[in-house]
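> Here is my input; please provide its structure:
(one chain, ligands or ions: 1)
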Amino acid sequence: MRVLIVEDEIRLADTLGQIMVEQKYQADIVNDGEAGLDYALSGQYDVIVLDVMLPKMNGFEVVKKLRQNKNATPVLMLTARDEIRDKIEGLDFGADDYMTKPFVPEELLARVRALSRRQGEVLLETLSFSDLTLHLDTYMLHSGLKSVRLGFKEFEILKLLMSNPGMIFPKESILIKIWGTESNAEDNNVEAYVSFLRKKFHYLGSHVTIGTVRKVGYHLEESDAS
Ligand code: CA
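Below is the predicted model of the structure:
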């Protein structure tokens, strides 16, 4: 197992390193948030132990940037006792577990082991609506046991609709958001891709459809038909 330790209190960082080495884990130690992010992005770690209060970039920023970069390495955050707000914030940004200092080595190790087992189960970003799940990293759309890969424009349109469920998007606003203002694309490009998406929903056996509100636009809805 390979563990990255990001901790600016040098004594604590060394202690953490020793605890890992005693378990025959490989441990790299860095002492600020920027270095922590650089090392973490290499993707070679099974678990990252990350302090919250760090020079250059705090632990919340580090975990947020990691997840934005589609890095799903499990993160155990460390912080001072009683900082409950930190806990909520950290988990919001994509940390997987949390420990308050001071802690006993056995508990730290137990949590590191638990997190390393979860590697691979830690989900990268997805969007869900009813029985559909869209994986933002792979463009795969899942429903039940079936899945299908979306083309880039299909993906962009569906991501827009799924990010704002219940909202009705006029064709013009989809055009501008997906194709941009400089493009020569027209309303019927949107119609074409919406029809591709509907076919893929149908193939998946999904209960979701893209509804048309006449003269207004498109939105996601659950149909009773399928
Ligand atoms: Ca610190």
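> And the residue nearest the centre of this structure?
Nearest to the mean C-alpha position of the chain, by Cα atoms, centre = their mean, lies Glu125 at 3.3 Å.
> From Gly211, how far off is that one?
25 Å (Cβ to Cβ, to the nearest Å). C-beta: built from backbone N, CA, C; applies to glycine.
> Can you give me the neighbour number for the residue in the chain that the ion sits nearest to?
The chain approaches the ion most closely through Met53 (4.0 Å), counting by Cβ to the ion. By other Cβ atoms under 10 Å, 16 other residues sit near Met53.
> any idea what it is structurally, helix, strand or coil?
coil (DSSP: H, G, I helix; E, B strand; the rest coil).
> and what of Arg111?
Looking at Arg111 with three-state DSSP, the answer is helix.
> what residues are up against it?
Neighbour list for Arg111: 76, 97, 99 [criterion: Cβ atoms under 8 Å, 6 or more residues apart in numbering].
> which parts of stretch 146-162 are buried?
150, 153-162 (16 or more other Cβ atoms under 10 Å).
> now these in TSV, with secondary structure?
Shown next, in TSV, are the buried residues of stretch 146-162 (three-state DSSP):
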residue	secondary structure
Leu150	coil
Lys153	helix
Glu154	helix
Phe155	helix
Glu156	helix
Ile157	helix
Leu158	helix
Lys159	helix
Leu160	helix
Leu161	helix
Met162	helix
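> For Ile5, what is the enclosing helix or strand?
Following DSSP states H and E, one finds Ile5 within strand 2-6.
> That strand pairs with which strands, parallel or anti?
Next to strand 2-6 in the sheet, as set by DSSP bridges, lie strand 26-30 (parallel), strand 47-51 (parallel).
> Pull the residues that contact that strand.
Contacts for strand 2-6 (Cβ under 8 Å, 6+ apart): 13, 16-17, 20, 25-33, 35-36, 39-40, 44-51, 54, 59, 62, 112.
> What are the buried residues along that strand?
Going by 16+ other Cβ under 10 Å, strand 2-6 has these buried residues: 3-6.
> returning to that earlier point: ranking the strands paired with strand 2-6 by burial, who's on top?
Here the criterion is mean neighbour count by mean count of other Cβ atoms under 10 Å, and of the strands paired with strand 2-6 the winner is strand 47-51, at a mean of 27.
> I'd like to know the average pLDDT value across it.
Mean per-residue pLDDT for strand 47-51: 95.
> Please list the residues outside it that contact it.
Against strand 47-51 from outside (Cβ under 8 Å, 6+ apart): 1, 3-9, 16, 36, 40, 59, 62-63, 66, 73-79, 95, 108, 112, 115-116, 119.
> and the end-to-end length of stretch 43-58?
19 Å (Cα to Cα, to the nearest Å).
> what's the answer for stretch 50-57, then?
11 Å.
> From the chain's centre, how far out is it? Work that out for me.
21 Å (Cα atoms, centre = their mean, to the nearest Å).
> How about stretch 140-151?
18 Å.
> Which of the contacts of strand 47-51 are buried, as a PyMOL select command?
Here is the PyMOL command that picks out the buried ones among those, judged by 16+ other Cβ under 10 Å:
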select buried, resi 3+4+5+6+7+8+16+36+40+59+62+63+66+73+74+75+76+77+78+79+95+108+112+115+116
